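> fold the following for me, if possible:
(4 chains)
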2 protein chains.
Amino acid sequence: MSAPSPGWLAEFSPLSTLPPDERAILTGASASVALPADATVFEPHQACGAFLLVRQGRIRVYQLDRDGNEIVLYRLGPGSICILTTMALLAADRYSAFATTETAVEAVALTDTAFETLMARSGRFRSFVFTAHAERMADLMRVIRNVAFESIESRLAARLLALAADRRALSITHQQLAAEIGSAREVISRHLKTFERRGWVSLARGRIEVHDAASLRRTAGPGDA
Amino acid sequence: MSAPSPGWLAEFSPLSTLPPDERAILTGASASVALPADATVFEPHQACGAFLLVRQGRIRVYQLDRDGNEIVLYRLGPGSICILTTMALLAADRYSAFATTETAVEAVALTDTAFETLMARSGRFRSFVFTAHAERMADLMRVIRNVAFESIESRLAARLLALAADRRALSITHQQLAAEIGSAREVISRHLKTFERRGWVSLARGRIEVHDAASLRRTAGPGDA
DNA sequence: GGTCGTCTGTGACGAAGTCACCAATCCGGC
DNA sequence: GCCGGATTGGTGACTTCGTCACAGACGACC
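Next up, the predicted model:
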């Protein structure tokens, strides 16, 4: 693990205003971490042991049951931190979720002592960490609202829009979409077919093209992705 | 708001080992809060403005959608803290959950400045707060696993056992049970009827008596309540 | 072109949610 | 006591969703 390239701190805007002495702690005790795509970041009952700040790439955090059913909880992108590792650092508790890199990931790892030093010394750092906690908590609440209250059709529409972002087409299988919202492949296939019949999307093997984002947005409803 | 009765700190074991100067901050800036049963603790987009430590009673935290559907997220009992208020204090973010007292509640409220002072000064206090965060996060993950992966029958059995605790009978309506696990009243009624036909419980208006906890535990499965 | 593994489509069925409606019970007022 | 309204529980019909079984379609590779 080498030192991260200089200037990485600027990529985390809430941290870029830290006073010099606190910056020194951060930059002094950090190491670069590079992960390939589809790598395991952590699994239940397996601590990660370091505080991770994501610089590049995307990490998917999800739940898995014994039958292989899956549901995505949230994603971590550039500028966000992995709070599950902070849990393991500051609280003894460990909780059971999986995390996998979706793309190659570049991150900065902070030693646990440096993390605790900063938490003790820097109000800005604490606020940064707490904000991340609050956001993740909000993500989980959103997932609960979706699975408990929303129809598959609206959740699927919402997720298609979220995954497509601004692009027209996305490369994803029906099985992967089912894992996104915690449903079954056949159910997703059938709903996608009706979307296609309505002219909202067009389907090809491993590929979905969005034609009518407005209609999708309408069926997604006021609820969030 | 009067000062809480002396010795309340002993009720929060992780805090009882604080050094004298940190205890002084806690006891000096705290006020007693008494809430009746069925009172609103907080609602979405409405900050509570203080750090709450629960001494007596129970608070139910739940999600609600526009159609009145409900699902319980977790409960706070004696010795636990309300992390949603800490979110509002340290992070600007607010998230949308409801909290209601199930019984009369006695709590201690800490001013926000005292909270931040303690977070800055006391590693033990930080660890206490972070542990609470981790536990709540674990609760939410458990809820997600349940709604996404478990059958109604097993979730109902698990919840009956959890609510009954060691008692044989519990006073609860089918509607309330449905709100516990995020289902519909009719579904709960039907499952309870089959439980009764199997001799596991007996039903009366607003009352359920558990006769065969072992069988309930078996259908609840290895998963958590 | 042929083979194999992955991906998608479909029918049948059970489990769960929704809707409509009624019956039983409780509670307060008289 | 009795009555009337409100709450609670029971049930059938129907829709949506999850599960199972299986077939066809496509792409990668030889």
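> surely A:D67 is in a strand?
No - in this structure, A:D67 is coil, not part of a strand, as judged by DSSP: H, G, I helix; E, B strand; the rest coil.
> gap between it and DNA strand D?
7 Å (C-beta to the nearest atom of the strand, to the nearest Å). C-beta here means a position set from N, CA and C on the backbone, and glycine is covered the same way.
> wait, what's in contact with that residue?
With contact taken as C-beta atoms under 8 Å, 6 or more residues apart in numbering or on different chains, A:D67 is in contact with B:F149.
> go on, A:A3?
By C-beta under 8 Å, 6+ apart, the neighbours of A:A3 are A:30-32.
> where does the prediction get shaky in chain A?
When the per-residue scores of chain A are filtered using pLDDT under 70, the ranges that remain are A:1, A:46-48, A:88-95, A:224-225.
> mind running it again at 90?
Low-confidence regions of chain A, defined here as pLDDT under 90, cover residues A:1-7, A:42-51, A:66, A:83-96, A:112, A:130-131, A:134, A:165-166, A:221-225.
> residue farthest from the centroid of it?
Distance from the C-alpha centroid of chain A peaks at A:R197, with 31.9 Å (C-alpha atoms, centre = their mean).
> rewinding a little: what about DNA strand D: which of the contacts of A:A3 touch it?
If you filter those for contact with DNA strand D, counting by C-beta under 7 Å from any atom of the strand, you are left with nothing.
> which one of those residues sits in the busiest neighbourhood?
Top of the contacts of A:A3 by neighbour number is A:S30, holding 22 neighbours under the definition other C-beta atoms under 10 Å in any protein chain shown.
> geometric centre of chain A: which residue is closest?
In chain A, the centroid-proximal residue (C-alpha atoms, centre = their mean) is A:R75; its distance is 0.8 Å.
> does the top helix by length along chain A come close to DNA strand C?
Counting residues, the longest helix in chain A under DSSP state H turns out to be helix A:123-149. No - Helix A:123-149 lies out of reach of DNA strand C by C-beta under 7 Å from any atom of the strand, never closer than 7.7 Å.
> residues of chain A that sit close to DNA strand D?
Taking C-beta under 7 Å from any atom of the strand as the test, the list of chain A residues beside DNA strand D reads A:69, A:151-153, A:182-184, A:186-187, A:191, A:204-205.
> what residues are up against the residue nearest to A:G123 when sequence neighbours are not counted?
Closest residue to A:G123 in three dimensions, ignoring its sequence neighbours and counting by C-beta to C-beta, 6 or more residues apart in numbering or on different chains: B:A120, at 6.4 Å. If a contact means C-beta under 8 Å, 6+ apart, then B:A120 has A:120-121, A:123, A:126 as its contacts.
> what of A:L140?
Counting by C-beta under 8 Å, 6+ apart, the residues that A:L140 touches are A:73-74, B:137, B:140-141, B:144.
> same list (the contacts of A:A3) but as JSON lines, adding secondary structure and distance to A:A50.
Converted to JSON lines, the contacts of A:A3 look like this (DSSP: H, G, I helix; E, B strand; the rest coil; distance: C-beta to C-beta, whole Å):
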{"residue": "A:S30", "secondary structure": "strand", "distance to A:A50": "10"}
{"residue": "A:A31", "secondary structure": "strand", "distance to A:A50": "8"}
{"residue": "A:S32", "secondary structure": "strand", "distance to A:A50": "12"}
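> which SSE is the residue nearest to the centre of chain A in?
Under DSSP states H and E, the secondary-structure element containing A:R75 is strand A:70-76.
> tell me the secondary structure for A:P6?
In the three-state summary, A:P6 is assigned as coil, counting by three-state DSSP.
> neighbours of it, how many?
Counted with other C-beta under 10 Å, the burial measure for A:P6 works out to 8 neighbours.
> quick one: which of the contacts of A:A3 is nearest to DNA strand D?
The shortest gap between DNA strand D and any of the contacts of A:A3 belongs to A:S32, at 31.6 Å (C-beta to the nearest atom of the strand).
> what's the neighbour count on the residue lying closest to that closest one once chain neighbours are set aside?
In this structure, A:S32 finds its nearest non-sequential neighbour in A:P4, 4.3 Å apart by C-beta to C-beta, 6+ apart. Close neighbours of A:P4, defined as other C-beta under 10 Å, add up to 20.
> A:F125 now?
Residues within reach of A:F125, counting by other C-beta under 10 Å, total 20.
> same question for A:S16.
The tally of other residues near A:S16 (other C-beta under 10 Å) stands at 12.
> got the residues of chain A near DNA strand C?
For chain A, the contact set with DNA strand C under C-beta under 7 Å from any atom of the strand comprises A:173-175, A:185-186, A:189-190, A:192-193, A:203, A:205-207.
> ok, which pair from those is furthest apart?
Farthest apart among the residues of chain A next to DNA strand C by C-beta to C-beta are A:E186 and A:R207. That separation is 18.9 Å.
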